[in-house]
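1. Coordinates for the following, if possible.
(4 chains)
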Protein chains: 2
Amino acid sequence: MNQPTNQTNYDSRSYRTPDGAPADIVIFTITTSDKNTVKKSLPHRELQVLLIERKQWPFQGQWALPGGFSKETETIHESARRELEEETGVADVHIEYFNVYSTPGRDPRGWIISHAYLALVNEKLLDKRKAADDAADVRLFPVKTALSMDLAFDHRMILQDALYRIQQKMLTTTIAREFLPEEFTISELYQVLQTVVPEFEEKNFIRKITSTQSREGLIEEVRGSSGELLASNRYSQRAAQLYRFTGYEPRLSIYS
Amino acid sequence: MNQPTNQTNYDSRSYRTPDGAPADIVIFTITTSDKNTVKKSLPHRELQVLLIERKQWPFQGQWALPGGFSKETETIHESARRELEEETGVADVHIEYFNVYSTPGRDPRGWIISHAYLALVNEKLLDKRKAADDAADVRLFPVKTALSMDLAFDHRMILQDALYRIQQKMLTTTIAREFLPEEFTISELYQVLQTVVPEFEEKNFIRKITSTQSREGLIEEVRGSSGELLASNRYSQRAAQLYRFTGYEPRLSIYS
DNA sequence: AAAATAGTGTCTCTAAGACATTATGTG
DNA sequence: CACATAATGTCTTAGAGACACTATTTT
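-> All right, here's what the predicted structure looks like:
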């Protein structure tokens, strides 16, 4: 690309250069499964991560984060999105960059600098893929389980860092929406938050989240065509008010 | 490093590999200069960024962020710290990674993936360096000025992203401490916040920051050996109470 | 009626926010 | 005494936090 003329004495070949710049992706989803209770009840939810079993050296037979080498003609971000689509069959989901891993020796193939992304994929979207190729070498694991496994490379650390990041983001942004349908009940939202951040606990959550002044329109009631409030009884006998995110993202500050 | 034996058919030389993985560093500082008022007064503060003038192709003669290629034997983080120390003469300051830049063609020297760090350096620490080598090719620029300049590579965008990040962090963490002495007055803290985030405005700032319950020990009064409160009259006739950060970092949440 | 979730009533306490007022010490 | 910053007084409003209580619908 536009090589200048006075390229006096620069030659990249005179330096040792990296052997690759892959993107690795921590793909999170939340699975839901019905509790077998007498009545309708809230489902059991669990935070899962997608792993693939390596077929070749190095770390053959071990589980690893999906990922792949980026090409000269794309940004690493594009590489990550491509990889995500290959593994899950979905595009246009939340994907964000969070760290780089470059400890010497982290990859026996050479000097390989890994760029770690995290993606949040709604279970609904993953289901399609599952039907298509139910390969035994691509599986969802509960995050807790994955963290106790002997993963390839430094992927355990990457997963740990990703978990920390998603927990932080879950409480400070509205990414919880990625795990929810467009319209959801307060209980669903609360469950999702608790699934990702087990320590999160707010008594009177419904009170806080719906108080007008402070939350100032983070979520809003869903109304029908004639303005009446809409509710759902997916999870309970008594129908619950449906809400949706408004698109408003509060700015947080420790000084106000 | 520990090459396994069954390295069946992997050869990194069969792929196109990157030509370098540098770290670029956005070094922020806040300069203070006395206003010429009749009485003692708060100084004028300005957010500055350190730039260096390029001596070679490419972008010869243009200003750029300090940075350098990372080596195979170090992490990129170590590379960034090394670079920071070379340019400023200081170690052990706040430095954090924030993004990667990999748009094809961003560097005419080839496929070069830049890792962007931001560092916060106290003006006091930079002064030492200034005396040592006052090279005209290393200078502080007000951030606003730097953003209007034609910087080398995609450094304008990197600077823009770094500014956004530091503004966010300034309000959600206690990094303001990096720009303050150990012991500071409420006005100093407020000034630093406003210097980095001009939109930040809190009437009754002193009330909020010192109210016990909500801030719950973010800062604390400085006391002398016999327990008496210590104050400073650096900036005013009436001495102001000195405070220090406690080390406590509040966890923020939009849901509570 | 019991189960399971949804939502309200009510109370106390304390912070938020606004704004005027007072305090301090020196050129 | 005027200047420039520091800090308090006072008032209103409203949320936070806790917990008991009521509501809804199906098996």
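2. Which residue comes closest to A:Arg81 once chain neighbours are left out?
-> A:Ile95 (6.1 Å; CB to CB, 6 or more residues apart in numbering or on different chains). Quick note: C-beta positions are derived from backbone N, CA and C, even for glycine.
3. Can you tell me how far the one you found is from B:Ile209?
-> According to CB to CB, to the nearest Å, A:Ile95 and B:Ile209 sit 37 Å apart.
4. A:Ala231 too?
-> According to CB to CB, A:Ala231 and B:Ile209 sit 43 Å apart.
5. can you pull the contacts of A:Glu83?
-> A:Ala23, A:Ile25, A:Pro66, A:Gly67, A:Gly68 (CB atoms under 8 Å, 6 or more residues apart in numbering or on different chains).
6. neighbours around A:Arg238, how many?
-> Counted with other CB atoms under 10 Å in any protein chain shown, residues neighbouring A:Arg238 total 8.
7. A:Ser148 too?
-> Neighbours of A:Ser148 using other CB under 10 Å come to 11.
8. Check the gap between A:Asp127 and B:Leu125 for me.
-> A:Asp127 is 55 Å from B:Leu125, by CB to CB.
9. Show me which of the two is the more surrounded one.
-> Counted by other CB under 10 Å, A:Asp127 and B:Leu125 do not tie: B:Leu125 has more neighbours, with 16 against 11.
10. name the element that one belongs to?
-> helix B:123-132 (DSSP states H and E).
11. next SSE after that helix?
-> strand B:138-142.
12. Let's test this: mean pLDDT of that next one, rounded?
-> Averaging pLDDT along strand B:138-142 yields 94.
13. Give me the buried positions along stretch A:28-42.
-> A:Phe28, A:Thr29, A:Ile30, A:Thr32, A:Leu42 (16 or more other CB atoms under 10 Å in any protein chain shown).
14. Repeat that for stretch A:194-207.
-> Buried residues in stretch A:194-207 (16+ other CB under 10 Å): A:Gln194, A:Thr195, A:Val196, A:Val197, A:Phe200, A:Phe205.
15. and the fourth one, what is it in contact with?
-> Taking CB under 8 Å, 6+ apart as the criterion, A:Val197 is in contact with A:Gln167, A:Met170, A:Leu171.
16. Out of the residues you listed, who's the most crowded?
-> Going by other CB under 10 Å, A:Met170 tops these with 25 neighbours.
17. Skipping its backbone neighbours, what lies nearest that residue in space?
-> A:Val196 (4.6 Å).
18. Could you export the contacts of A:Glu83 as TSV, including secondary structure, neighbour count and distance to A:Glu183?
-> Formatted as TSV, the contacts of A:Glu83 follow (DSSP: H, G, I helix; E, B strand; the rest coil; neighbours: other CB atoms under 10 Å in any protein chain shown; distance: CB to CB, whole Å):
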residue	secondary structure	neighbour count	distance to A:Glu183
A:Ala23	strand	29	33
A:Ile25	strand	26	29
A:Pro66	coil	20	31
A:Gly67	strand	24	34
A:Gly68	strand	16	36
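19. Looking at those, which is nearest chain B?
-> A:Ala23 (9.6 Å; CB to the nearest CB).
20. wait, that closest one sits on A:Leu65?
-> No - A:Ala23 lies out of contact with A:Leu65 (CB atoms under 8 Å); the separation is 9.8 Å.
21. Common neighbours of these two, please.
-> A:Ala116.
22. List the buried residues for the strand or helix carrying the residue nearest to A:Arg81?
-> Applying DSSP H and E as the criterion places A:Ile95 in strand A:94-101. Buried residues in strand A:94-101, counting neighbours by 16+ other CB under 10 Å, are found at A:His94, A:Ile95, A:Tyr97, A:Phe98, A:Asn99, A:Val100, A:Tyr101.
23. Same question for stretch A:46-62.
-> Here stretch A:46-62 shows A:Glu46, A:Leu47, A:Gln48, A:Val49, A:Leu50, A:Leu51, A:Ile52, A:Glu53, A:Arg54, A:Trp57, A:Pro58, A:Phe59 as buried, counting by 16+ other CB under 10 Å.
24. Spell out the secondary structure type for the last one.
-> Classification of A:Phe59 by DSSP: H, G, I helix; E, B strand; the rest coil places it in coil.
25. what's the closest non-adjacent residue to it?
-> Of all residues not flanking A:Phe59 in the chain, A:Ala152 sits nearest, at 3.5 Å (CB to CB, 6+ apart).
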